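>>> My questions concern the predicted model and sequence given below.
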2 protein chains.
Amino acid sequence: MIFNDFVEEEKNMKKVNYAVLGAGNGGQCVSAYLKLKGYEVSLYDRYESVIEPIKEKGGIDLKGVSLNGFARIDNITTDIKQAVEGADVILVVLPAFAHEYIAEILSPILKDGQIVVLCPGSTGGVLEFKRVLKGKNCNSNIKLAETNSLFYACRVVAPGDAVIGGIKGIMPIAALPSSDADEIIDIMRDPYPQLVKEENVLVSDMSNMNAVIHPLPVLLNTGWIEATNGNFKYYYDGITPTIGKLIEGIDSERMEICRALGIKVKSFKESMYAYYRAQGESICEMVRNVDAYKIVNAPGKIESRLLTEDVPMGLVPMTELAKLVKVKTPLMDMTIELASTLLERDLKADGRTLEKLGIKGMDREGLLNYIR
Amino acid sequence: MIFNDFVEEEKNMKKVNYAVLGAGNGGQCVSAYLKLKGYEVSLYDRYESVIEPIKEKGGIDLKGVSLNGFARIDNITTDIKQAVEGADVILVVLPAFAHEYIAEILSPILKDGQIVVLCPGSTGGVLEFKRVLKGKNCNSNIKLAETNSLFYACRVVAPGDAVIGGIKGIMPIAALPSSDADEIIDIMRDPYPQLVKEENVLVSDMSNMNAVIHPLPVLLNTGWIEATNGNFKYYYDGITPTIGKLIEGIDSERMEICRALGIKVKSFKESMYAYYRAQGESICEMVRNVDAYKIVNAPGKIESRLLTEDVPMGLVPMTELAKLVKVKTPLMDMTIELASTLLERDLKADGRTLEKLGIKGMDREGLLNYIR
């Protein structure tokens, strides 16, 4: 069986080392999955309290996919330097509001040839990351990309005890420059065959559906969420006809920004159909026809990532891009203002402004050239 | 019993004739109550469909107060002229958005000496009414006033079948000019001993608590209202800690406008204590300590008077008065905008602007002089 031995050897030669940054639900699932696939994996989190129980266990028990079992993680650490040393691919599996911090601490230690992928980038993740690296004079020749969402629907039952509920069938990934995506997809093809190249980061950023489907519905369900600690079906019950209409309004603003930028993205309704074959005239109807939505509860409180992430790292950069191409976004603006009022925090100032994205002062042509 | 006969005769001599405009819940209760008190009463409504069933019955069955019984109404009509002819006091018991129309159709037929009372005026009822009469060159020497709310908590089970749930103990009434209030209170003392003089219409207008407690909580309960057709306790469950905080924010803006106008009104918390002896640190706590609130359901849909009346005839004129004294009202503005978006209607344009109140171009001193 000479031929087979040769294939096996080649596979080993191409073996990719991964570092997973962030040991929350997503990070634990990703690192366990990669380990069970046979890769060397480092798992990093900033917080001792998160890392300690996983370290004690020595790894992560993974359930829910064909790759069930205990994944002994090679390196579980709060030391970022140790985590990324020797890693070919660094997967950042963290809320988008942590990206800036991660970029700052990575900037002095990134090495030529390393790949950093934000999983996902929300809106403007790669642009912000690049701005930070530039600001810190990081001259390492790295590749930078962002996915459109996380690879899995997953949760962690207890530290080191993770369940993958479903694997997404298609996962767009965009790089900066966009041509880098091909090589990244190639390198990650074995564990993640679902990766497909997105045209550029702008398309990925403007396809962030969380910004469309999370903040406004949460706000207009404030009473219900607080009165019941989120004990109702967020999509199935919470996206009512009126709220559905407003979602469509927000989505129209998003599509208008994209038209003005000259990029093509799916409308919310189109992507509902593409992902779930959801039928229906209105968004309310479509949402109610998606089985996966029937079991998703509302957040337990108003202060949740559906606002703290999807407003400053979703709606805010969208309105900022809108300004760049002179598109009005009254519904997005109102949503940002209402969320800021409720959370008693200026989510616009905290969010990804043109300045934070490193594209302030650019016009449309300059921007398209920059993200090419 | 010569003395008693004399008293009886004097009472008869002073007998007051009432016209009640509006045959909804409030109008039916008011006219039945007045009739059972022994007054001559005309009941008007614009719509045949409202008037016809009451006319067929010949009057209104009233329950719930000591004055139980069938009130045979003297005149039940859709003819406004016939309704107000010979009336000493005309009580307008209609949603505030009907006041402008009523003023227009009353303007050619009002007679010297007649009293018109808006029950209630919401914010700016009397000012708007006066502006319409002036615009229509109505020179009749009438007296014009507004109460702060309706006399009763009441409902109509079926046409001509009314129930008064409670009578409010104190009912502020403001006239324009304010000195007219004394005579009006005197004339209405027998059926309505609870009337007390409010300093002026501005104080009454800015004391419209519905504007504080209705629109924003409805908006932030949009999902819950639509998903359950309002099947939850509007105050008890719907005024959550976060919503209570925003109510306090709206109320602070109202108090700030009053300070700038130089008038004194109760804060929402003060009036909660004054009306209900409600205890509690926060508005959420106070509301939950009011027994009367425990049984009030949410509106069955978003399109309800809690928005269609309390925004254009409540928040809008408050923000207009704020402009006059250069006070910023970001929370009120946002609430108006959100309500307009949800109802797909420009509630600001539909509402009581300074122009509609007949006070455009006035400064603070001019206004205070005008409403003196």
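Thanks, I have the structure now. Numbers count the residues shown, from 1 in each chain, chains lettered A, B, ... in the order given.

>>> Residues of chain A that sit close to chain B?
Neighbours of chain B within chain A, by C-beta under 8 Å from any C-beta of the partner chain: A:217, A:219-224, A:226-227, A:232, A:237-243, A:246, A:249, A:302, A:330-331, A:334, A:337-338, A:341-342. (Each C-beta comes from the backbone N, C-alpha and C, glycine too.)

>>> Of the residues you listed, grab the buried ones for PyMOL.
Buried residues among the residues of chain A next to chain B (16 or more other C-beta atoms under 10 Å in any protein chain shown), as a PyMOL selection:
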select buried, chain A and resi 217+219+220+221+222+223+224+226+227+232+237+238+239+240+242+243+246+249+302+331+334+337+338+341+342
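
>>> Just the residues of chain A next to chain B: which are in helices?
Secondary structure from DSSP state H places A:217, A:219, A:222-224, A:226-227, A:241-243, A:246, A:249, A:330-331, A:334, A:337-338, A:341-342 of these in helices.

>>> do you know how far the nearest residue to A:Gly26 once chain neighbours are set aside is from A:Val117?
Nearest non-adjacent residue to A:Gly26, counting by C-beta to C-beta, 6 or more residues apart in numbering or on different chains: A:Val93, 4.2 Å away. According to C-beta to C-beta, to the nearest Å, A:Val93 stands 9 Å off from A:Val117.

>>> A:Val325 too?
28 Å.

>>> Compare the two and say which one has the larger neighbour count.
Counted by other C-beta atoms under 10 Å in any protein chain shown, A:Val325 and A:Val117 do not tie: A:Val117 has more neighbours, with 25 against 16.

>>> Packing partners of the helix or strand where A:Val20 lies?
Per DSSP states H and E: A:Val20 is located in strand A:17-21. If contacts are counted by 3 or more C-beta pairs under 8 Å, 6 or more residues apart in numbering or on different chains; DSSP states H and E, strand A:17-21 sits against helix A:25-36, strand A:40-44, helix A:80-84, strand A:89-92.

>>> what comes into contact with the shortest one?
Think strand A:89-92. Residues outside strand A:89-92 that contact it (C-beta atoms under 8 Å, 6 or more residues apart in numbering or on different chains) are A:16-22, A:30, A:84, A:99, A:102, A:106, A:114-119, A:184, A:187-188.

>>> same question, the first one
Applying C-beta under 8 Å, 6+ apart, the set of residues contacting helix A:25-36 from outside is A:18, A:20-21, A:23, A:41, A:43, A:45, A:54, A:59-62, A:65, A:67, A:69, A:71-74, A:91, A:93-94, A:119, A:150-152, A:154-156, A:159-160, A:162-164, A:191.

>>> Tell me what angle it forms with strand A:40-44.
160 degrees (axes from the mean of the first three to the mean of the last three C-alpha atoms, to 10 degrees).

>>> what is the rounded mean pLDDT of helix A:25-36?
Averaging pLDDT along helix A:25-36 gives 95.

>>> picking up where we left off before, who's in contact with the residue nearest to A:Gly26?
By C-beta under 8 Å, 6+ apart, the neighbours of A:Val93 are A:20-22, A:24, A:26-27, A:30, A:119, A:150.

>>> one more time with 7 Å, if that's ok
A:20-22, A:26-27, A:30, A:119, A:150 (C-beta atoms under 7 Å, 6 or more residues apart in numbering or on different chains).

>>> about what we covered before: any chance of the helices and strands packed on strand A:17-21 in a markdown table, plus mean neighbour count and distance to B:Leu34?
Formatted as a markdown table, these follow (neighbours: other C-beta atoms under 10 Å in any protein chain shown; distance: least, C-beta to C-beta, whole Å):
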| stretch | mean neighbour count | distance to B:Leu34 |
| --- | --- | --- |
| helix A:25-36 | 27 | 66 |
| strand A:40-44 | 26 | 78 |
| helix A:80-84 | 18 | 80 |
| strand A:89-92 | 25 | 73 |
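
>>> Next, the residue most central in space within chain A: secondary structure please.
Taking C-alpha atoms, centre = their mean, the centroid of chain A lies closest to A:Pro120, which sits 1.8 Å from it. Classification of A:Pro120 by DSSP: H, G, I helix; E, B strand; the rest coil places it in coil.

>>> So it versus A:Tyr152, what's the distance?
Taking C-beta to C-beta, one finds A:Pro120 at 12 Å from A:Tyr152.

>>> May I ask which helix or strand of chain A has the lowest mean pLDDT?
helix A:2-13 (a mean of 46; mean pLDDT, DSSP states H and E).

>>> What ranges does the stretch 151-300 of chain A have for its strands?
A:152-158, A:161-167, A:171-175, A:195-197 (DSSP state E, counting those that start in this stretch).

>>> Of the ones you listed, which stretch is the most buried?
Across those, the average number of neighbours (mean count of other C-beta atoms under 10 Å in any protein chain shown) peaks for strand A:171-175, which reaches a mean of 24.

>>> what about that one, distance to the chain center?
In terms of C-alpha atoms, centre = their mean, to the nearest Å, the centre of strand A:171-175 is found 11 Å from the chain centre.

>>> can I have it written out in CSV, keeping just the CAs?
The C-alpha trace of strand A:171-175 is given here as CSV (Å, rounded to 0.1, in the frame of the first residue of the first chain):
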residue,chain,number,x,y,z
MET,A,171,-19.4,29.8,5.5
PRO,A,172,-18.4,32.9,3.5
ILE,A,173,-14.9,34.2,4.4
ALA,A,174,-13.4,37.5,3.3
ALA,A,175,-9.8,38.6,3.4
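
>>> who touches it?
The contact list for strand A:171-175 (C-beta under 7 Å, 6+ apart) reads A:143-148, A:151, A:181, A:184-185, A:192, A:194-198, A:200-201, A:203-204.

>>> Kindly give a single ChimeraX line that selects the buried subset of those.
To isolate the buried subset of the contacts of strand A:171-175 in ChimeraX, counting by 16+ other C-beta under 10 Å, use the following:
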select /A:143,144,145,146,147,148,151,181,184,185,192,194,195,197,198,200,201,203,204
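
>>> Apart from its chain neighbours, what residue comes closest to A:His159?
Let me fix one detail, which is that residue A:159 is Pro and not His. Here the residue nearest A:Pro159, using C-beta to C-beta, 6+ apart, is A:Pro53, at 3.7 Å.

>>> Near that neighbour, how many other residues are there?
With other C-beta under 10 Å as criterion, A:Pro53 counts 14.

>>> Pull the contacting residues for the residue in the stretch 51-200 of chain A that chain B sits nearest to.
Distance from chain B to each residue of the stretch 51-200 of chain A (C-beta to the nearest C-beta) is smallest for A:Phe97, at 20.7 Å. Counting by C-beta under 7 Å, 6+ apart, A:Phe97 makes contact with A:308-309, A:312-313.

>>> cutoff 6 Å now
A:Phe97 makes contacts with A:Glu309, as judged by C-beta atoms under 6 Å, 6 or more residues apart in numbering or on different chains.

>>> for it, helix, strand, or coil?
Applying three-state DSSP: A:Phe97 is helix.

>>> re the thing from before, can you read off the pLDDT for the residue nearest to A:Pro159?
pLDDT at A:Pro53 comes out at 96.

>>> Tell me the spacing between it and A:Gly160.
Separation of A:Pro53 from A:Gly160 (C-beta to C-beta): 6 Å.

>>> do A:Cys284 as well
40 Å.

>>> quick one: which two of the contacts of A:Val93 are the most distant?
Maximum pairwise distance in these, criterion C-beta to C-beta, is 13.4 Å, between A:Leu21 and A:Leu150.

>>> Neighbour count for these two, which is higher?
For A:Leu21 versus A:Leu150, neighbours defined as other C-beta under 10 Å are more numerous around A:Leu21 (29 against 17).
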